[in-house]
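*Asks:* Next input, structure requested:
(chains A and B)
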Amino acid sequence: MSHWIILPVVLPAMLAAVIILVARHHVRVQRVLSISGAIALLAIAIGLIIQADDGTVTLYQLGHWQAPFGIVLVADRLSTYMVLLTAILALLVIIHATGSGWDKRGNHFHALFHFQIMGIMGAFLTGDVFNLFVFFEVLLISSYGLIVHSGGSYRLRTGTQYVLFNLLGSTLFLFALGLIYAETGTLNMADLAQRIPLIDLDANAGIRIAAVLLLLVFAVKGALVPLHFWLPSAYSAAPAPVAALFAIMTKVGAYAIIRVYTLVFAPDLEVTADLYSVWLLPLALFSMGIGMVGALAAMRVDRMIAFSVIGSMGMVMTAIAVMTPDSITAALYYIPHSTFATAALFLIADLVIENRGKMGARLEASEPIPGAAYVAAMFFIAAIAMVGMPPLSGFIGKLLILQASIASDLVVWVWAVVLISSLIAIMAFARAGSVLFWKAKQTDDGQELDENCSEEEVARARTASELRPTKELPLLAILTLIGLLIVHTVLAGQITTYLRDTTAQLFAPDNYISTVLGTEGKTFGSHGDKAKGSDHGEDKEASPGEAHLADVESRDGAEDKGDEEDTQ
Amino acid sequence: MEILVASAIGVLTATGLYLVMRLRTFPVIVGTSLLTYAVNFFLFASGRLVVGAPPILSEDATRYTDPIPQALVLTAIVISFGMTAVVVIIALGAYLSAGEDNVNEPDPEGLLEGMDEEGERA
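*Replies:* Numbers count the residues shown, from 1 in each chain, chains lettered A, B, ... in the order given. Next up, the predicted model:
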């Protein structure tokens, strides 16, 4: 049993604790620890992705307990892909936070940051739905701390809203889990995948409700309209590096939907067959539309980016809702693109906002910021990526999604909404860019620099726009994000080939299920018995997985375990 | 027994939902607490209700109640306790700095006078 899989969870957790206990008063030590931790995490993520590359599903049994009795972490192609994405983003964001000094504006930034990474990594790796809930809570509770980082009344008030909204989401999650446990007697995803198809179709009300509730919870995380209300304020109030990190948080919702609705509630399952086409797809299209219209209507640049996140999540959800191997491939291609573009935009917006004095994030013309030409160029590239114009990866992702949506009944709607909302997004970003950079003529006291102004003022404005923004590390982070977008475009062929294999693995979960349930570990009655419980396995039936299936008819958790007790 | 637990869950959920839809933070926080109590009861009931039996599995146990929901409820209680503490602190901070405790969105576009200096990145 390889211990590598637990490292993306354990490393940030330990690091965060060390940062709080040892280095709480030494920002420099915190930074060193934090950045080296993020680099180590990236190395581990690359190792994991190489391990999963040939299609092996690796299992980690916590405490060596046999699934489904113990909690398991599972690293398959999808999990390792998301883990790598998180590790890349985390490193860049932490470089930005260090370079821009955001981490010094409040306490415990680095510790909270690593706790959040721990939650995200755990959510991607876990093979147990209750454990997924726990990791969701870990990432949420640290995001509560991060969102109010550096304080201020506005942040605290939007923070309250954000916390309350997510508390309600967590309650819904628990209701869903209770229902699932009541109906099936298990919370292990692989075990659920075997038991749910056996549920009597005449008595499926409970499991249907559970499926819808779970979808709602993940939709809250993924900011699907009409559950998106927390997002615009939360993202625009959050400090820039935090908002950039949150770009991956909405993707946790998307990942959870892909995982649960390909494995637990498989696409061919009769109980939940109409969930995607009837509910998810129309809502995803609404998200796309409302997100982009919101971006056009926003009067602050950070809110505009936040709304475009909703639009871009709508795009991901549309691809997921079509629920064919092609569309999931398209969604998986679009997810890193959307993450990098969102993060880059929030960081670029921070450069703008920090240098505009009183005007802050408002989309009104003011005097040029230092390095306006360079910032404008970066904004232009990131905006092209975000709205999905050629030549960047947004365009390729959008094409893949449009192509995959031909399989859907609502193909006309998908095409119409995608294309029209892209147009609206172009307008929104063009307006923001031209207000921030081209119309940047006003001086501090609101006087226009027109033909009548003095030579001196023109010269001052001009030199300001030609100065480079001085801080290197934030620039490095932004340029790397933009570089990643370009790499994502250039290597689109290889990446989609890779993702096609990932999707194939998702749509043929037998290997996943047999790895999780077939790997032996400790079972009941083997306390202190170091023989890995293999003798107990043979007592019962050929493999523990099959033994479960035999018990499943009773559908009662307590009785299940009673049966096993008897055989032993 | 069943009717008692079921109606307890129902009443707690209904009260919690009503309070959550109030305008001020205090009733909303009380509402989320009631909702978490409701969900704890619900989780508890998801392992079937058994009276007077230990949640322990052993070789010679003849009657027992399902221990898993009890473990889940413990986890849920700890998490909801922590979350409630966090939301109380953040809400208190918001109330003290803003001078009012409405839950609604504080001036979404931040265009009011003074907002940028006071609460934002300026």
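
*Asks:* In the stretch 151-300 of chain A, which residue sits nearest chain B?
*Replies:* Proximity of the stretch 151-300 of chain A to chain B (CB to the nearest CB) peaks at A:Tyr154, 2.9 Å away. Every C-beta, even on glycine, is put in place using the N, C-alpha and C of the backbone.

*Asks:* Now do that residue, the pLDDT please.
*Replies:* A:Tyr154 is assigned a pLDDT of 84 by the prediction.

*Asks:* cool, and the one 5 residues further on?
*Replies:* Each residue has a pLDDT score; the one for A:Gly159 is 90.

*Asks:* Show me what the lengthiest helix in chain B is packed up against.
*Replies:* When chain B is parsed with DSSP state H, its longest helix is helix B:67-98. Helices and strands touching helix B:67-98, by 3 or more CB pairs under 8 Å, 6 or more residues apart in numbering or on different chains; DSSP states H and E, are helix A:129-147, helix A:153-184, helix B:25-45.

*Asks:* so of these, which one's packed in deepest?
*Replies:* helix A:153-184 (a mean of 24; mean count of other CB atoms under 10 Å in any protein chain shown).

*Asks:* Tell me which other helices or strands it touches.
*Replies:* Judged by 3+ CB pairs under 8 Å, 6+ apart, helix A:153-184 is in contact with helix A:129-147, helix A:189-195, helix A:205-221, helix A:230-237, helix B:25-45, helix B:67-98, helix B:115-119.

*Asks:* Which one, of the ones you listed, ends up nearest to A:Phe173?
*Replies:* A:Phe173 lies closest to helix A:205-221 among these, at 4.4 Å (CB to CB).

*Asks:* what does the average pLDDT come to for the longest helix of chain B?
*Replies:* 91.

*Asks:* now do stretch A:95-114
*Replies:* Regarding stretch A:95-114, the rounded mean pLDDT is 91.

*Asks:* With stretch A:342-352 instead?
*Replies:* For stretch A:342-352, mean pLDDT rounds to 93.

*Asks:* Flag every residue of the stretch 351-500 of chain A that's near chain B.
*Replies:* Contact residues, the stretch 351-500 of chain A versus chain B (CB under 8 Å from any CB of the partner chain): A:Ile353, A:Glu354, A:Gly357, A:Lys358, A:Met359, A:Gly360, A:Ala361, A:Arg362.

*Asks:* Farthest pair within those?
*Replies:* Within those, A:Glu354 and A:Arg362 form the most distant pair, 13.8 Å apart (CB to CB).

*Asks:* Measure how buried the nearest residue to A:Phe135 once chain neighbours are set aside is and give me the count.
*Replies:* Leaving aside its chain neighbours, A:Phe135 sits nearest to A:Gly122 (3.6 Å; criterion: CB to CB, 6 or more residues apart in numbering or on different chains). Counted with other CB atoms under 10 Å in any protein chain shown, the neighbours of A:Gly122 add up to 23.

*Asks:* Please name every helix or strand in contact with the helix or strand A:Gly122 falls within.
*Replies:* Following DSSP states H and E, one finds A:Gly122 within helix A:109-125. Here helix A:109-125 touches helix A:7-22, helix A:27-52, strand A:72-75, helix A:77-100, helix A:129-147, helix A:240-259, going by 3+ CB pairs under 8 Å, 6+ apart.

*Asks:* any idea which helix or strand comes after the helix or strand A:Ile353 falls within?
*Replies:* Following DSSP H and E, one finds A:Ile353 within helix A:325-354. Sequence-wise, the next helix or strand downstream of helix A:325-354 (DSSP H and E) is helix A:372-387.

*Asks:* Which secondary structure elements does that following helix sit against?
*Replies:* With contacts defined as 3+ CB pairs under 8 Å, 6+ apart, helix A:372-387 has these neighbours: helix A:301-322, helix A:325-354, helix A:393-404, helix A:411-433, helix A:455-466, helix A:472-490.

*Asks:* Lowest average pLDDT across those helices?
*Replies:* helix A:455-466 (a mean of 61).

*Asks:* phi, psi of B:Ser46?
*Replies:* B:Ser46 adopts backbone torsions of phi -70, psi -20, taken as degrees, to the nearest 10.

*Asks:* Could you report the separation of it from A:Ile180?
*Replies:* B:Ser46 is 8 Å from A:Ile180, where distance means CB to CB, to the nearest Å.

*Asks:* For residue 33, list the residues it contacts.
*Replies:* Assuming you mean chain A. Counting by CB atoms under 8 Å, 6 or more residues apart in numbering or on different chains, A:Leu33 makes contact with A:Leu15, A:Val18, A:Ile19, A:Ala23, A:His110.

*Asks:* should've been chain B
*Replies:* Contacts of B:Ser33 by CB under 8 Å, 6+ apart are B:Gly16, B:Ser80, B:Thr84.

*Asks:* give the contact list for the last one.
*Replies:* Contacts for B:Thr84 (CB under 8 Å, 6+ apart) come out as A:Leu167, B:Ile29, B:Thr32, B:Ser33, B:Thr36.

*Asks:* Can you pick out the most distant pair from those residues?
*Replies:* Across those (CB to CB), the longest gap, 10.8 Å, separates B:Ile29 and B:Thr36.

*Asks:* where does chain B dip in pLDDT?
*Replies:* For chain B, applying pLDDT under 70 flags the ranges B:105-122.

*Asks:* Give me the spatial nearest neighbour of A:Thr58, chain neighbours excluded.
*Replies:* Looking at A:Thr58 with CB to CB, 6+ apart, the closest residue is A:Ala75, at 4.6 Å.

*Asks:* Would you reformat the helices and strands packed on helix A:372-387 as CSV and include mean neighbour count?
*Replies:* CSV is the format used below for those (neighbours: other CB atoms under 10 Å in any protein chain shown):
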stretch, mean neighbour count
helix A:301-322, 28
helix A:325-354, 26
helix A:393-404, 22
helix A:411-433, 18
helix A:455-466, 13
helix A:472-490, 19
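
*Asks:* Next, count neighbours for residue 24.
*Replies:* I went with chain A, as the question did not name one. Neighbour count for A:Arg24, taken as other CB under 10 Å: 14.

*Asks:* ah, I was thinking of chain B
*Replies:* 14.

*Asks:* what's across from it in the sheet?
*Replies:* For B:Arg24, the beta-bridge partners under DSSP bridges are B:Asn102.

*Asks:* Could you verify my assumption that it touches B:Tyr95?
*Replies:* No - with contact defined as CB atoms under 8 Å, B:Arg24 does not reach B:Tyr95; the gap is 9.4 Å.
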